[in-house]
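**Q** sharing a model that was predicted from the sequence below.
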There are 2 protein chains.
Amino acid sequence: MSGRLTVVGIGPGSPDQMTPEAARALAEASDLFGYKPYLDRLAPAPGQRRHVSDNREEVARAGAALDMAASGRSVGVVSGGDAGVFAMAAAVCEAIEAGPAGWRAVEFRVVPGVTAMLAVAARVGAPLGHDFCALSLSDNLKPWELVEERLRAVATAGFVIALYNPISRARPWQLGRAFELLREILPPETPVVFGRAAGRPDERMAVVPLGEAEAGLADMATCVIVGSRDTRIVPREGQPALVYSPRSAGRAAR
Amino acid sequence: MSGRLTVVGIGPGSPDQMTPEAARALAEASDLFGYKPYLDRLAPAPGQRRHVSDNREEVARAGAALDMAASGRSVGVVSGGDAGVFAMAAAVCEAIEAGPAGWRAVEFRVVPGVTAMLAVAARVGAPLGHDFCALSLSDNLKPWELVEERLRAVATAGFVIALYNPISRARPWQLGRAFELLREILPPETPVVFGRAAGRPDERMAVVPLGEAEAGLADMATCVIVGSRDTRIVPREGQPALVYSPRSAGRAAR
């Protein structure tokens, strides 16, 4: 008598940016697993149990949630942003693949959400208006040389680049190194958006040219969007400038 | 006396995947602009005027919407999915940059939404669980050689690839050519997801190995996700297989 497990993307922060599908999935769960700041955003449901975990314990959290679902409970696993973008859905899939047969019998579902780069982009215009990529700057789970190789490939080919997990106490130098590397490929005037806590009360947006981009402008709650050669800035009187990437593109410059 | 223009991402199709922020922005608009199938998804609001346009007339639609907003109306421009991903937000920014000074005075806002690749990914597991890119396969606004160059760059560097605008009556061969090119770089067993109309009644999901991927499996409503070398398939008894990209990655193979 297997239960269910739903990984729910609750959006970037504002309850206004959580879909009705996500809200319903959360309300229907008997048990919620998640990182404390995400659980704290949600209104308590009567009789629902909460299992708070550390942000770094993704695989342990996935296993505990699958165990509970396999025992017949209706489990929700809470992800910030979208559930499938550098988030818990992949961790649960990994656990299902490696775990006991009972975990494969769990009714597993993923509820998508608005991921950080989309919320940040919306606040400044449309920097993701043409081809773009999302890259985690964390070298906890991949070698740093691979991060550099990927950054070079996409910057050279003309993609706008959204950087997730740009910086943390344990990874202080990676973002600065990424800017250095990108400055070798892209012009110094390329717009860089530092989008912190989009849609939350402590939201902070900054747009600076790549030539002046510094790691100190980001923290753990920041999504950094680095424009392509085509990304443009439109100044406006009395309103913040718009940042956008045109729908058309020329040949990738080298 | 300038008005406002809000570009609203209504999500991939199900009203359940539209955020409350988007629903409110639509309800508050005096005038809605959009492609007919998007407008048809929305419940009518009393007194609200609707301006239906062809899907190809993006710049004309942006200009008409800006003119109306500049005259003092409260205008909503409707986008499927997210407003900023291959959608109307960039077209409006382009029009603002090129247009009369009055258009820059319009109070302009973008409301993000769940974009197609996130909804498709959620239906099959977590194929976007690690570094990925979103690439429009349309060569209406960029040379085809640039599309090929970008495909090669991201496939080689190990990104999962979400293809938007994969095929249309006017662009029948591009997707097949893209598969050919990707088969030169990626192993034939690489999972390819054809996600059609995610969240809508006519939804259809198919997962096939790259070696057997055919353009005929896609139509205009399809988002195609091509895995990386790391993307995995987890078979399950009595349930569809899961497709996911692990959170960790090795060195990009060449």
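**A** That came through fine.
**Q** tell me the domain ranges of chain A?
**A** Here the domain parsing of chain A from automatic domain parsing is A:4-114, A:117-244.
**Q** turn those into TSV, including mean pLDDT and distance to B:Arg4.
**A** For the C-beta atoms, the positions are set from N, CA and C on the backbone; glycine is no exception. Converted to TSV, these look like this (pLDDT from 0 to 100; distance: least, C-beta to C-beta, whole Å):
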stretch	mean pLDDT	distance to B:Arg4
domain A:4-114	95	17
domain A:117-244	97	11
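**Q** can you put the ones you listed in TSV and add distance to B:Val147 and mean neighbour count?
**A** Converted to TSV, the domains of chain A look like this (distance: least, C-beta to C-beta, whole Å; neighbours: other C-beta atoms under 10 Å in any protein chain shown):
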stretch	distance to B:Val147	mean neighbour count
domain A:4-114	24	21
domain A:117-244	9	20
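**Q** possible to save these as CSV with distance to B:Ser2?
**A** Shown next, in CSV, are those (distance: least, C-beta to C-beta, whole Å):
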stretch, distance to B:Ser2
domain A:4-114, 25
domain A:117-244, 11
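**Q** mind putting these into CSV with distance to chain B?
**A** Below are those laid out as CSV (distance: least, C-beta to the nearest C-beta, whole Å):
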stretch, distance to chain B
domain A:4-114, 3
domain A:117-244, 3
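**Q** which one of those lies closest to B:Met68?
**A** domain A:117-244 (18.6 Å; C-beta to C-beta).
**Q** does A:Ala198 really touch A:Arg123, like I thought?
**A** Yes. Between A:Ala198 and A:Arg123 there is a contact under C-beta atoms under 8 Å: 5.8 Å.
**Q** anything in contact with each of the two?
**A** A:Met205 (C-beta atoms under 8 Å, 6 or more residues apart in numbering or on different chains).
**Q** how close does A:Val8 sit to B:Ala198?
**A** Per C-beta to C-beta, to the nearest Å, A:Val8 is found 16 Å from B:Ala198.
**Q** what about the helices in the stretch 151-254 of chain A?
**A** Listed in chain order, the helices of the stretch 151-254 of chain A (DSSP state H, counting those that start in this stretch) span residues A:174-183.
**Q** hey, where'd the strands end up in it?
**A** Along the stretch 151-254 of chain A, the segments classed as strands by DSSP state E, counting those that start in this stretch run A:160-164, A:191-196, A:204-209, A:222-226, A:232-236, A:239-244.
**Q** packing partners for the helix or strand hosting A:Ala122?
**A** In this assignment (DSSP states H and E), A:Ala122 forms part of helix A:116-124. Under the contact definition 3 or more C-beta pairs under 8 Å, 6 or more residues apart in numbering or on different chains; DSSP states H and E, helix A:116-124 sits against strand A:160-164, strand A:191-196, strand A:204-209, strand A:222-226, strand A:239-244, strand B:107-111.
**Q** would JSON lines of the ones you listed with distance to B:Trp173 be doable?
**A** Output for those, formatted as JSON lines (distance: least, C-beta to C-beta, whole Å):
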{"stretch": "strand A:160-164", "distance to B:Trp173": "27"}
{"stretch": "strand A:191-196", "distance to B:Trp173": "35"}
{"stretch": "strand A:204-209", "distance to B:Trp173": "39"}
{"stretch": "strand A:222-226", "distance to B:Trp173": "33"}
{"stretch": "strand A:239-244", "distance to B:Trp173": "30"}
{"stretch": "strand B:107-111", "distance to B:Trp173": "34"}
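**Q** quick check: closest non-adjacent residue to A:Ile233.
**A** Leaving aside its sequence neighbours, A:Ile233 sits nearest to A:Ala241 (C-beta to C-beta, 6 or more residues apart in numbering or on different chains; 5.1 Å).
**Q** and the one you found, what does it touch?
**A** The contact partners of A:Ala241, taken as C-beta under 8 Å, 6+ apart, are A:Val207, A:Ile233, A:Val234, A:Pro235.
**Q** same question, A:Asp139
**A** Here A:Asp139 is in contact with A:Val147, A:Arg171, A:Gln174 (C-beta under 8 Å, 6+ apart).
**Q** looks to me like the first one is in a helix.
**A** Yes. The assignment for A:Val147 by DSSP: H, G, I helix; E, B strand; the rest coil puts it in a helix.
**Q** quick check: it touching A:Leu137?
**A** Yes. Counting by C-beta under 8 Å, A:Val147 touches A:Leu137, with 6.3 Å between them.
**Q** export stretch A:184-201 as PDB, just CAs?
**A** Below are the C-alpha coordinates for stretch A:184-201, written out as PDB (Å, rounded to 0.1, in the frame of the first residue of the first chain):
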ATOM      1  CA  GLU A 184      37.800  37.600 -22.000                       C
ATOM      2  CA  ILE A 185      35.000  36.700 -24.300                       C
ATOM      3  CA  LEU A 186      32.300  39.400 -24.000                       C
ATOM      4  CA  PRO A 187      32.500  43.200 -24.300                       C
ATOM      5  CA  PRO A 188      32.900  45.200 -21.000                       C
ATOM      6  CA  GLU A 189      29.500  46.900 -21.600                       C
ATOM      7  CA  THR A 190      27.600  43.600 -21.600                       C
ATOM      8  CA  PRO A 191      24.700  44.000 -19.100                       C
ATOM      9  CA  VAL A 192      24.900  41.900 -15.900                       C
ATOM     10  CA  VAL A 193      21.700  41.600 -13.800                       C
ATOM     11  CA  PHE A 194      22.100  40.800 -10.100                       C
ATOM     12  CA  GLY A 195      18.600  39.700  -9.100                       C
ATOM     13  CA  ARG A 196      18.200  39.100  -5.400                       C
ATOM     14  CA  ALA A 197      15.100  37.600  -3.700                       C
ATOM     15  CA  ALA A 198      12.700  38.500  -6.600                       C
ATOM     16  CA  GLY A 199       9.200  39.100  -5.400                       C
ATOM     17  CA  ARG A 200      10.100  39.100  -1.700                       C
ATOM     18  CA  PRO A 201      10.100  42.100   0.600                       C
END
